[in-house]
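K.L.:
Have a look; sequence and predicted model below, questions after that.
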Amino acid sequence: MAADSAIGLGDFKATYLENYIPLSSSSDVYAGTRSILPQTYLEYAREDLEDGRESRNLINAVGNAKRAFHLQVELLCDAFAFKVVNRQRHPNFGILLDYLRNCGVVSPNILGRLNKTRNKVEHEYIVPSEEAVEDYADIVELFLMATKDLLDRFPTYIEYELMEDDALDYSLNLPQVFKAEIRMTSGGIVLSSREEEKTLAPADADYFVWLSAIIRNYKI
C-alpha cells in the first residue's frame, strides 16, 4: 500500500482501530486529591465481615464497599475530564456511571450489577444476606482491579501500527502508522497520521466514539 494513497483523518473512523496494534505508548498517574484510597474502603468492608455476621456487620460492610465503588468512579471521572464536560456541582451518581460507559472504561453489565446491589441496600432499607454482601464486595474488588491501570497508567499517548494480514481490507487504504493523544483531566483527543492532525473536544459529536474505541483497545 503506497503511503501517499492512505486516507486522510477526515475519513478515518474509530472502528478502524481494530486493524491496528499499539507500537508504543506513554502514560501518566492520576492519584487525585483524596486522603483515602478506594482499596482502603474495600479492606474495611472485608474487616467488617471478619468481625462478625450480625446485621450491623453486614450493613457496614456494604457501606464501605459502596464507598470504595463510589470513590473509584469519581477518580476515573476526574481523570477522564468529567468536570470539564459536566458543570454540575453534585451530579447524580447515575450520571457518573453513564459517563464512564461513554468513555469505554468498563462494561455496562458490571456497572449495572454493582449499582443494583447498592440501590437495594441503600434505598430499600433491607439487611442484606451474607452471600449478597460477599458477592458485592467481590464485584467491587473486580471493578477496582479492572480499572486500576487506567489510574496508575493513564494512556496519554499511543502510537499504532497497521496489521497487514488476511483480515485487512486493503481497499480502505489505511495509513501505516496512526497516533492518538488523550489529555488527562482537561479533556480532548489529538489524532495524527502522517502530517495531518485533528483535535477533538469533549463537546464534539464523535469525541466519545473515539475515546471509547481507544480505551477499549488499550493494552498496557
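P.N.:
Okay, I see it.

K.L.:
longest helix of this protein?
P.N.:
For the chain, the helix that runs over the most residues, judged by DSSP state H, is helix 55-79.

K.L.:
Can you tell me which helices and strands that one packs against?
P.N.:
For helix 55-79, the packing partners by 3 or more C-beta pairs under 8 Å, 6 or more residues apart in numbering; DSSP states H and E come out as helix 38-51, helix 93-103, helix 108-124, helix 130-152. (C-beta placed from N, C-alpha, C; glycine too.)

K.L.:
mean confidence for the longest one?
P.N.:
Think helix 130-152. Averaging pLDDT along helix 130-152 yields 91.

K.L.:
again, but for the third one
P.N.:
Confidence over helix 108-124 (mean pLDDT, whole number) is 69.

K.L.:
Verify the contact between residue 104 and residue 210 for me.
P.N.:
No - counting by C-beta atoms under 8 Å, residue 210 is not a contact partner of residue 104; they are 9.7 Å apart.

K.L.:
which SS class is residue 197?
P.N.:
Assigned by DSSP: H, G, I helix; E, B strand; the rest coil, the conformation of residue 197 is strand.

K.L.:
For it, give its distance to residue 11.
P.N.:
Counting by C-beta to C-beta, to the nearest Å, the gap between residue 197 and residue 11 amounts to 15 Å.

K.L.:
One more: residue 79?
P.N.:
Computed with C-beta to C-beta, the distance linking residue 79 and residue 11 is 30 Å.

K.L.:
higher neighbour count, those two?
P.N.:
Between residue 79 and residue 11, counted using other C-beta atoms under 10 Å, residue 79 has the larger neighbour count: 22 against 10.

K.L.:
mind checking pLDDT for the more buried one?
P.N.:
96.

K.L.:
same question, residue 40
P.N.:
Looking at residue 40, the pLDDT reads 97.

K.L.:
burial of the closest residue to it other than its chain neighbours, as a residue count?
P.N.:
Using C-beta to C-beta, 6 or more residues apart in numbering and skipping the chain neighbours, the partner closest in space to residue 40 is residue 68 (7.9 Å). Burial of residue 68 is recorded as 25 neighbouring residues (other C-beta under 10 Å).

K.L.:
quick one: residue 68 and residue 36 touch, right?
P.N.:
No - judged on C-beta under 8 Å, residue 68 makes no contact with residue 36 at a distance of 9.7 Å.

K.L.:
Can you point out the buried residues in the longest helix of the chain?
P.N.:
Buried positions in helix 55-79, judged by neighbour count with 16 or more other C-beta atoms under 10 Å: 57-79.

K.L.:
Tell me how many other residues crowd the nearest residue to residue 99 once chain neighbours are set aside.
P.N.:
Distance criterion C-beta to C-beta, 6+ apart; nearest residue to residue 99, sequence neighbours excluded, is residue 82 at 5.4 Å. Residue 82 has 22 neighbours, counted by other C-beta under 10 Å.

K.L.:
check contacts around residue 82.
P.N.:
91, 96, 99 (C-beta atoms under 8 Å, 6 or more residues apart in numbering).

K.L.:
now it: how far from residue 175?
P.N.:
When distance is defined by C-beta to C-beta, residue 82 is 32 Å away from residue 175.
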